[in-house]
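Undergrad: missing the sequence, but the structure's below:
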């Protein structure tokens, strides 16, 4: 119905009732998906997140100069927006434009769009993919700021998985993190290694950042990058998180799926603290300005 309404209103001479509200079409589509407990289709015409996405380098550069050259309508007409995808196929226009969309000044980060594009390509050559993990891309840029201070650091972790005589499997994770010069050592059980690791990490950070209780993991995906290596293959883990109606994706890469998951989890929680705004980000900025650790 969404595609039909948009086609009738924008591509035909028919008069469609409610055309004045066409800019609410994307929001309406997502609200219906939420009520129906369905994941919004990123590739849905007109209202999908990727309906007006652009990836290739030359394509992206042209899109920045003349948006209508590659888009059949202005995305704003249906409440959507165009975006340049950051990937190994994109050029400096893609990375520079995406950084600008995120409100990041590359000059203050010690990067220019060409250097950032080269860095992205090097990372993706190692298995990273920022196309579906834009929160990790934003953190990549943030971490090159001269004033960047990590809100926390995972010092080390251990994960144990047990299966005994047909009993239900269990997992236990221990984590040591460093926050503001203080090290905390916590442990937690879980129904699997990633769940246990997530719970242990949150337990350690909870004393400093209680607002992380509002962050929930809503999806966990694993991609095998070199299938020829069988069980020794490098994997890419992508985690989708949500808090206060905002959704973001982060990723981690490695031959060890647990280490890759830990990296994606750490990015997810740091994004929630540093980029989502709120008191933690403001406090971190004040502490940094005063020369104190955030």
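TA: The structure has been received and is ready for your questions. Source: prediction; values computed, not measured.
Undergrad: Quick check: which element contains residue 154?
TA: If you go by DSSP states H and E, residue 154 is part of strand 153-162.
Undergrad: on contacts alone, who are the packing partners of that strand?
TA: strand 170-179, helix 193-206, helix 257-274 (3 or more C-beta pairs under 8 Å, 6 or more residues apart in numbering; DSSP states H and E). All C-beta atoms are positioned from the backbone trio N, CA, C, and that covers glycine.
Undergrad: And the strands in the chain, which stretches?
TA: Remark: strands assigned in the chain by DSSP state E are 53-54, 83-84, 153-162, 170-179, 182-190, 216-224, 235-243, 246-254.
Undergrad: in the fourth one, what's buried?
TA: By neighbour count, with 16 or more other C-beta atoms under 10 Å as the criterion, the buried positions of strand 170-179 are 171, 172, 173, 174, 175, 176, 177, 179.
Undergrad: Distance from the chain centre to it, please.
TA: Mean C-alpha position of strand 170-179 versus that of the full chain (C-alpha atoms, centre = their mean, to the nearest Å) differs by 23 Å.
Undergrad: same check, this time on stretch 189-209
TA: Averaged C-alpha coordinates place stretch 189-209 at 20 Å from its chain's average position (C-alpha atoms, centre = their mean).
Undergrad: Give the residue spans of the chain that score low on pLDDT.
TA: Low-confidence segments of the chain, defined by pLDDT under 70: 34, 37, 39, 55-61, 63-64, 84-113, 131, 227, 231, 275-294.
Undergrad: Present the helices and strands packed on strand 153-162 as a markdown table; the columns should include distance to residue 121.
TA: Shown next, in a markdown table, are the helices and strands packed on strand 153-162 (distance: least, C-beta to C-beta, whole Å):
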| stretch | distance to residue 121 |
| --- | --- |
| strand 170-179 | 31 |
| helix 193-206 | 29 |
| helix 257-274 | 19 |
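Undergrad: among the ones you listed, which is nearest residue 115?
TA: Proximity to residue 115 (C-beta to C-beta) singles out helix 257-274 among the helices and strands packed on strand 153-162, at 21.2 Å.
Undergrad: now that closest one against strand 246-254, angle please.
TA: Orientation check (axes from the mean of the first three to the mean of the last three C-alpha atoms, to 10 degrees): helix 257-274 against strand 246-254 gives 150 degrees.
Undergrad: related to what we said a few turns ago, for the strand holding residue 154, which strands pair with it and how are they oriented?
TA: Under the criterion DSSP bridges, strand 153-162 sits next to strand 170-179 (antiparallel) in its sheet.
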